[in-house]
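1. Structure of the sequence below:
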Amino acid sequence: MVDDKNQKDQLGRITHFYSKIGVGIIKLDKELKVGDEIQIKGNTSDFKQKVDELQFDHKNIDKG
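-> Numbers count the residues shown, from 1 in each chain. All right, here's what the predicted structure looks like:
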């Protein structure tokens with residue numbers, strides 16, 4: 001369950017996660033830039049991480 005405050009701060013939703021390579025696919029609802037700190041929160045996860053790289057169609061981008 002997501003409370004109202006977290007719903008307002010949510011920038012997207014993880015649609016796929018590839019654990020072997022540590023990569024997630026996020027459908028963005030708000031802008032995200034390389035260097036931003038994001039919080040990943042789910043049923044078994046809750047951590048913060050800096051965005052080191054963004055890609056679209058296998059090409060590096062600065063923001064999405």
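2. Residues in a beta bridge with Gln49, which ones?
-> With DSSP bridges as the criterion, Gln49 is bridged to Ile38.
3. residue contacts, it?
-> Taking C-beta atoms under 8 Å, 6 or more residues apart in numbering as the criterion, Gln49 is in contact with Glu37, Ile38, Ile40. C-beta here means a position set from N, CA and C on the backbone, and glycine is covered the same way.
4. go again using 10 Å as the cut-off
-> Contacts for Gln49 (C-beta atoms under 10 Å, 6 or more residues apart in numbering) come out as Gly24, Asp36, Glu37, Ile38, Gln39, Ile40.
5. what about the fifth one, how many neighbours?
-> So the one you mean is Gln39. Neighbour count of Gln39, defined by other C-beta atoms under 10 Å: 13.
6. so what pLDDT did it get?
-> pLDDT, Gln39: 93.
7. What distance do you get for it to Val51?
-> Note on Gln39: its distance to Val51, by C-beta to C-beta, to the nearest Å, is 11 Å.
8. ok, and the most crowded of the contacts of Gln49?
-> Neighbour-wise, the contacts of Gln49 (other C-beta under 10 Å) top out at Ile38, 15 neighbours.
9. Helix, strand or coil: sort out the residue positioned nearest the centre of the chain for me.
-> For the chain, the residue nearest the mean C-alpha position is Ile26 (5.3 Å; C-alpha atoms, centre = their mean). At Ile26 the chain is in strand, as set by DSSP: H, G, I helix; E, B strand; the rest coil.
10. In this protein, where is pLDDT below threshold?
-> Within the chain, the segments meeting pLDDT under 70 span 1-8.
11. which one is the residue nearest to the centre of the chain nearest to, not counting chain neighbours?
-> Gly12 (4.5 Å; C-beta to C-beta, 6 or more residues apart in numbering).
12. Return the residues in contact with Arg13.
-> Counted by C-beta under 10 Å, 6+ apart, Arg13 has contacts Ile25, Ile26, Lys27, Leu28, Asp29.
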